[in-house]
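Trainee: sequence unknown, structure follows:
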């Protein structure tokens, strides 16, 4: 870029699955290459002060890139510092006139680029759902590219480290050391670092005045030939001198909890005696003159202060004999300790992150099946594999037998699958950090898709007696299909077989069973992470890994892809072998999902409903679909199961 800019980064990424199931296609905003749009803060449009600058758009194959320049407003300077410091690292766009194709969002118009507070998520997603206005056919959305930390300042001007060190070195360290060894002497020694700011100059002047006052008192004492009491010395001071002296005594009181025989530590003076604030509460007041007078009786001001604490009960607020910092006073209602000053915890995610199963396989299933515009459908097959259907030779004079063809037919009916949620409206109004309804809608769609994909591949898994069970007569799972449609292939190994032996037997069984596959095209292999890992770890006799890449294993198995399915883990089927009941763990399924048909009538596709209950002040959400599904080709799938112990030992 020839022009100066403050930072750059991805405004949106192409071909990324959004939270509501949509995908921003490549070149969706390509015609805006080189256009300049406003740069705003967090999509706020309620004031011109939220416009931070502008963004120059650059269309790239991966998406839309933005070169951003801040203006000279106060808000822009604050935002620039936040980007430079790494506190803000994400961009989003606001776009309308979105046009959708079967594959995703194909076109739109970017109206603004926004700096946003986003969590660590490598995907781009549409946070708010797309709405159709009642007066317009335009679709608009905020499209977030979160977790991308690629924002970089082009001409940041960070503070020089040497300047920082110089500023630290310039800070003064003030210390005053006091000794209370006698009733009548208050000697003061101070050491200032020569800093010339106004507050330190005033402190130094006060201390000089205090020293002058004390020297004057000593001269009077010598003239009169007798020692004056502390009270008499104080009474002889001017008001300004007294205030300076009170500040010095306050510093002495701060160290009252230390042992009398120990040297007092140097510390920075932060409060004088009249501050009297002991943490989050105002401490009991005490007259300095009384404290000084008591010093005559107890010997030192320190002892007088400790006696005061014991008398008033304030010693109970001390830690191991010391009272310091900001402390809670149990005698004062509502008092707070230092914890009240701690900052609130910051959420590193914009919205709560879902703790979920790996559902990367769900898209492969949902997008892989074929679809029918009606939910009630049937299949009819004529079996011509039997000998009765074969052509016959003819001998003159013989009777010609008729051909026999067997018809196979089955049909399927739909079932409704749904997720329902509700919230009190008061709770929705109180949550202001993010849009709760949009977040919940994304979760509902994600979990509905996972449940449908699970039902298609391996079945519902819940008890058939459960009211929530997705029934096999409506959505027939490939795992539980009839052998006519899904061949059951048993991988028999001996008891005690190693993982390598099981993996070798599985690979061999998949390759050999391919001759029985009658489905469409090249199928995919759906299996668990454990099975796939054991295959990839196989070594030859020299210790060399046989399949060092997943691509080599895929080629050997003669499948189009290998997909890990977490919900397959631990699944077993009980059957009878040789008159005995055995459990056969599932290894994997080989199928081309184009041979699995999902049907839904008009209105039966996935729909989201939202309603408000005025009687209970609740917002209610419902997402549902009404579908049916089954394999539509004979021998179009193969189910591989482990028959451990079903071969002879050795």
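Mentor: Sure, I can see it. Just so you know, these numbers come straight off a predicted model, no measurement behind them.
Trainee: hang on, residue 411 packs against residue 380?
Mentor: No - using CB atoms under 8 Å, residue 411 makes no contact with residue 380, being 9.4 Å away. Where C-beta positions appear, they are placed from N, C-alpha and C, glycine not excepted.
Trainee: quick one: low-confidence parts of the stretch 101-250 of the chain?
Mentor: In the predicted model, the stretch 101-250 of the chain carries pLDDT under 70 at residues 118-232, 234, 242-244, 246-250.
Trainee: do the chain as well
Mentor: For the chain, residues meeting the criterion pLDDT under 70 lie at 1-3, 17-22, 118-232, 234, 242-244, 246-323, 386, 388-389, 399-406, 648-650.
Trainee: can you give me the buried ones in the strand ranked longest in it?
Mentor: The strand of greatest length in the chain, counted in residues with DSSP state E as the criterion, is given as strand 618-631. Judged by neighbour count (16 or more other CB atoms under 10 Å), strand 618-631 contains these buried residues: 618, 619, 621, 623, 624, 625, 626, 627, 628, 629, 630, 631.
Trainee: number of nearby residues for residue 5?
Mentor: Burial measure for residue 5: 18 neighbouring residues, criterion other CB atoms under 10 Å.
Trainee: chain neighbours aside, what residue packs nearest to it?
Mentor: Once its chain neighbours are removed from consideration, residue 5 has its nearest residue in residue 67; the separation is 4.3 Å (CB to CB, 6 or more residues apart in numbering).
Trainee: kindly report the same for residue 514.
Mentor: Once flanking residues are discounted, residue 514 sits nearest to residue 558: 5.6 Å by CB to CB, 6+ apart.
Trainee: my read is that the one you found contacts residue 511, right?
Mentor: Yes - using CB under 8 Å, residue 558 is in contact with residue 511, at 6.7 Å.
Trainee: and the helices in the stretch 1-150 of the chain?
Mentor: Taking DSSP state H, counting those that start in this stretch as the criterion, the stretch 1-150 of the chain carries its helices at 74-85.
Trainee: where do the strands sit along it?
Mentor: Counting by DSSP state E, counting those that start in this stretch, the segments of the stretch 1-150 of the chain that form strands are 7-13, 36-41, 51-60, 63-70, 90-100, 105-116, 124-126, 131-132, 139-145.
Trainee: for these, which one sits closest to residue 426?
Mentor: Judged by CB to CB, the one of these that comes nearest to residue 426 is strand 131-132, at 24.1 Å.
Trainee: flag every buried residue along stretch 468-487.
Mentor: By neighbour count with 16+ other CB under 10 Å, stretch 468-487 contains the buried residues 470, 474, 475, 476, 477, 478, 479, 481, 485, 486, 487.
Trainee: ok, of these, which one's closest to residue 589?
Mentor: Relative to residue 589, the closest of the buried residues of stretch 468-487 is residue 478; by CB to CB it sits at 5.7 Å.
Trainee: just to be sure, the closest one is in a strand?
Mentor: No - going by DSSP: H, G, I helix; E, B strand; the rest coil, the assignment for residue 478 is coil, not a strand.
Trainee: neighbours of the closest residue to it other than its chain neighbours, just the number please.
Mentor: Nearest non-adjacent residue to residue 478, counting by CB to CB, 6+ apart: residue 637, 5.1 Å away. Neighbouring residues of residue 637 were enumerated by other CB under 10 Å; the total is 26.
Trainee: returning to what we had before: the residue nearest to residue 5 against residue 54, yeah?
Mentor: No - under the contact definition of CB under 8 Å, residue 67 does not touch residue 54, with a separation of 9.5 Å.
Trainee: how about the strands of the stretch 551-650 of the chain, start to end?
Mentor: Assigned strands in the stretch 551-650 of the chain, in chain order: 562-564, 572-577, 580-591, 596-599, 607-613, 618-631, 637-644 (criterion: DSSP E, counting those that start in this stretch).
Trainee: name the residues that touch the first one?
Mentor: Residues outside strand 562-564 that contact it (CB atoms under 8 Å, 6 or more residues apart in numbering): 358, 360-361, 364, 524-529, 532, 550, 553-554.
Trainee: parallel or antiparallel, which strands does that strand pair with?
Mentor: Sheet pairing for strand 562-564, assigned by DSSP bridges, gives strand 524-527 (parallel).
Trainee: ok, residues contacting the strand it pairs with?
Mentor: In contact with strand 524-527 (CB under 8 Å, 6+ apart) are residues 361, 364, 368, 457, 510, 554, 557, 559-565, 568, 587-593.
Trainee: one more: stretch 447-462?
Mentor: Counting by CB under 8 Å, 6+ apart, stretch 447-462 makes contact with 21, 357, 359, 361-363, 365-366, 369, 417-419, 468-472, 475, 477-480, 526, 565, 567-568, 571, 586, 589, 593, 596, 598, 606, 623-625, 627, 629, all of which sit outside it.
Trainee: list the buried ones in it?
Mentor: 447-460.
Trainee: using JSON lines, lay out the residues you listed together with distance to residue 11.
Mentor: Conversion of the buried residues of stretch 447-462 to JSON lines gives the following (distance: CB to CB, whole Å):
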{"residue": "447", "distance to residue 11": "30"}
{"residue": "448", "distance to residue 11": "30"}
{"residue": "449", "distance to residue 11": "28"}
{"residue": "450", "distance to residue 11": "30"}
{"residue": "451", "distance to residue 11": "34"}
{"residue": "452", "distance to residue 11": "33"}
{"residue": "453", "distance to residue 11": "32"}
{"residue": "454", "distance to residue 11": "36"}
{"residue": "455", "distance to residue 11": "38"}
{"residue": "456", "distance to residue 11": "37"}
{"residue": "457", "distance to residue 11": "37"}
{"residue": "458", "distance to residue 11": "40"}
{"residue": "459", "distance to residue 11": "43"}
{"residue": "460", "distance to residue 11": "42"}
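Trainee: one step back: now render the buried residues of strand 618-631 as CSV, adding distance to residue 240.
Mentor: As requested, the buried residues of strand 618-631 are arranged in CSV below (distance: CB to CB, whole Å):
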residue, distance to residue 240
618, 69
619, 68
621, 72
623, 77
624, 82
625, 85
626, 89
627, 90
628, 95
629, 93
630, 98
631, 99
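Trainee: got the contact list for residue 519?
Mentor: Applying CB under 8 Å, 6+ apart to residue 519 gives the contacts 591, 592, 595, 633, 635, 636, 637.
Trainee: repeat that with 7 Å
Mentor: Residue 519 is in contact with 591, 592, 595, 633, 636, 637, counting by CB atoms under 7 Å, 6 or more residues apart in numbering.
Trainee: and residue 495, how far from residue 506?
Mentor: Relative to residue 506, residue 495 is positioned 17 Å away (CB to CB, to the nearest Å).
Trainee: which one of those two has more residues nearby?
Mentor: Here residue 495 and residue 506 are compared on neighbour count by other CB under 10 Å; more neighbours surround residue 506, at 22 against 10.
Trainee: where along the stretch 401-550 of the chain do the helices fall?
Mentor: Per DSSP H, counting those that start in this stretch, the stretch 401-550 of the chain has helices spanning 425-430, 436-457, 499-513, 529-536, 550-557. These are given in chain order.
Trainee: tell me the most buried of those?
Mentor: Stretch with highest mean neighbour count among the helices of the stretch 401-550 of the chain: helix 436-457 (a mean of 20; mean count of other CB atoms under 10 Å).
Trainee: any idea of the angle it forms with strand 607-613?
Mentor: With axes from the mean of the first three to the mean of the last three CA atoms, to 10 degrees defining the directions, helix 436-457 sits at 140 degrees from strand 607-613.
Trainee: which residue ranges make up the domains of this protein?
Mentor: Following automatic domain parsing, one finds the domains of the chain at 7-153, 174-341, 486-606+628-644.
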